[in-house]
Structures are given as C-alpha cells and as structure tokens.
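Enquirer: What follows is a predicted protein model with its sequence.
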Amino acid sequence: FRSGEIAAAHVAGALDLEDTMRIICAYGRFVGRFSGRGRMALVGLPWDETAAALSGFEGQVFRAIQDSAEGTVVAGQPAAIAELQRVLDERGVFCRAVAMNVAPHSPLVDSVRDELRAELQGIRPRPSRVPLISEVTGAEIEGRALTPEHWVQNFGDAVFFSRAIDTLIGRGHRVFVDVGPHPTSRHSVETNLRCAGCGPQSANPGVVIASQSGHRLPPLSAAENTALATSPPSNCTSSLGSTGIIRPSASMSWPPPPMAGASRCLSQPAAWSKTPPSGPIWKASRARRSCASTASCRRSPATTGRMC
C-alpha cells in the first residue's frame, strides 16, 4: 500500500515521528481487514480514457490512482479485475495486475472510513518546513491541513500522483528521487517528464533516480547526467555509478533511524526478531496495539504492498 505521502509529510516537518508511525500502522491494520477481497491493475490509458474503458464495470471496478499521463491504476473485486483484463486484452489495451490483494482508494474500503477517522484523532499536524505536494489533490497543501480527514481521504479516495508530479514539473523541478527498495514510480515520473517536453533528448531533460534497489539499473544517459550535473539534489553527490543509485555526500545529515536494526529488515528478517526495536515510538505503538511485533513488519516478495 502506498505510504509515500505519509513519509513525505514527516520529512517536510508536518508530522512528528510518532504521528507518522501511528498513521502508517493504522493504514496497515485497516488494509489487512480487506486482504483477499480486492485487486488492483495498471491500465495503459490516461485517467479520462480509463473512465470510458470501465463502461460495464460500474460498481465493480473503480479508478484508484492517476499514476501517470499515460497510465491509471484501477481497483475492484477480484473477479471483476480479471474480467477487465480479459476485455482490455481483446481490445489491445495494456492491463496488468498489481501485486495487491486489496482495493484501497475505492468505495470497497468505505466501511472503515469512520473507524479510521476515529483512530487518528489526536494527531498534531503542524506547518511544513518545505512545500508539500499532496496526491489527494495533486496540489500544494499546508501542513496543518493534514488532519485525520485528510488521511481518510488519502486511504479511501482516488488519488492523483500524476497531477502532483506535473505540479512539481511546472515549478521547474527536473531531478526526482524514487525513495524505496524498488523503483516503482520511476517509469511514471519519466512518462510525465517526457510528456512535458523534458525527456532525455530534450534541451531541459529531467531525471529520476532510484535511491535503493536490489536490481541492477542501466547507467544514466548523457542527457540524464547533464540534468543531474546542472540541477543536483541538495546535499547529494552527482556520482551515481553504474547502478543509477544516488549516494549521499559526506556532509548530508540524516535523522536517527526510528528503530534499531532497521537496515536488516529486508536482507535478514530472521535476525531482526532476536533484537526487537526499542524507543519511545515503539513503546507508544505497543500501547496502541499497533505494529510492535517486528515479525509483522517484515517485508518479502510475498508481502510486498502490505504493512505491519
């Protein structure tokens, strides 16, 4: 499940770490209730064209994520998603299942909206230190507006990632970092850069960099290296190596990790259970019966898309 906006709110200073973890763990628990009752798929059509393609699937399949200028993620009942794939394949339209067995960002999760809203009462959003672009609207949002209602909308309503990226491109941003173990958003952002006239061969090219990845990525093109050299991310080196993975400079300061041994979570999950996390945030999480158990937070190919 997408949690990028929650993390972004913390990095921007709008949420402290405790509230950030509270929202993430609440999302994980509520998503878990719908396990096996929904599916998602990526359709190779723009947002408006996807609406027309869903004719005949009313009440079964819904537009969930405006993923890019050329792609839309839909959510719905498993059988309906499978039928949609068959129908679109016959029409020659790209449609690929996403590794999710739930259907957030759709009416299929409406039953928990009130409970989620109540669960998040008491969070303390505050003004952001840097501009924050929300996928709920695709526009800049003031940090104090990140109330429980905002996170209910982020959970259950359709979201506009593509519109948010276009907002950033329109403000002149050309270097994007896809933060996470898998570069899942790289293609989407590259698509929008190309559609905005900022492709690799343009005079003002954009670049998308994977922050971490277990996969070997192709080297950056000459145009991408030019974009990074002329507009590097703040406090980062422009030496990317052959993997396309950005490396922090010696002067970059990182916040302390929220949990002990977190770097081992992906590579050695078994070892983590022997040294459970500690600290105020985890004590607070235990008190709320959230994801205090390290075993429930492990990530593997089989559980990608789930949290806590």
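Expert: Received, thanks.
Enquirer: What ranges does this structure have for its strands?
Expert: 39-43, 61-68, 71-76, 95-98, 175-178, 207-210 (DSSP state E).
Enquirer: Where does the prediction get shaky in the stretch 201-308 of the chain?
Expert: Scanning the stretch 201-308 of the chain with the threshold set as pLDDT under 70 gives 212-308.
Enquirer: and with 80 instead?
Expert: In the predicted model, the stretch 201-308 of the chain carries pLDDT under 80 at residues 211-308.
Enquirer: And the stretch 51-200 of the chain, by the same measure?
Expert: Applying pLDDT under 80 to the stretch 51-200 of the chain flags the ranges 180-184.
Enquirer: Of the strands of the chain, which is nearest Phe161?
Expert: strand 61-68 (5.9 Å; CB to CB). C-beta: built from backbone N, CA, C; applies to glycine.
Enquirer: Can you list the helices and strands that that closest one packs against?
Expert: helix 47-53, strand 71-76, helix 78-91, helix 161-170, helix 186-195 (3 or more CB pairs under 8 Å, 6 or more residues apart in numbering; DSSP states H and E).
Enquirer: In PDB, list the C-alpha atoms belonging to it.
Expert: The C-alpha trace of strand 61-68 is given here as PDB (Å, rounded to 0.1, in the frame of the first residue of the first chain):
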ATOM      1  CA  VAL A  61     -14.100  -1.600 -10.800                       C
ATOM      2  CA  PHE A  62     -13.000   2.000 -10.000                       C
ATOM      3  CA  ARG A  63     -10.300   4.400 -11.000                       C
ATOM      4  CA  ALA A  64      -8.000   4.500  -7.900                       C
ATOM      5  CA  ILE A  65      -4.700   6.100  -8.800                       C
ATOM      6  CA  GLN A  66      -3.900   8.600 -11.600                       C
ATOM      7  CA  ASP A  67      -0.500   7.000 -12.000                       C
ATOM      8  CA  SER A  68       1.000   8.900 -14.900                       C
END
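Enquirer: burial count for Gly122?
Expert: Taking other CB atoms under 10 Å as the criterion, the count of residues near Gly122 is 9.
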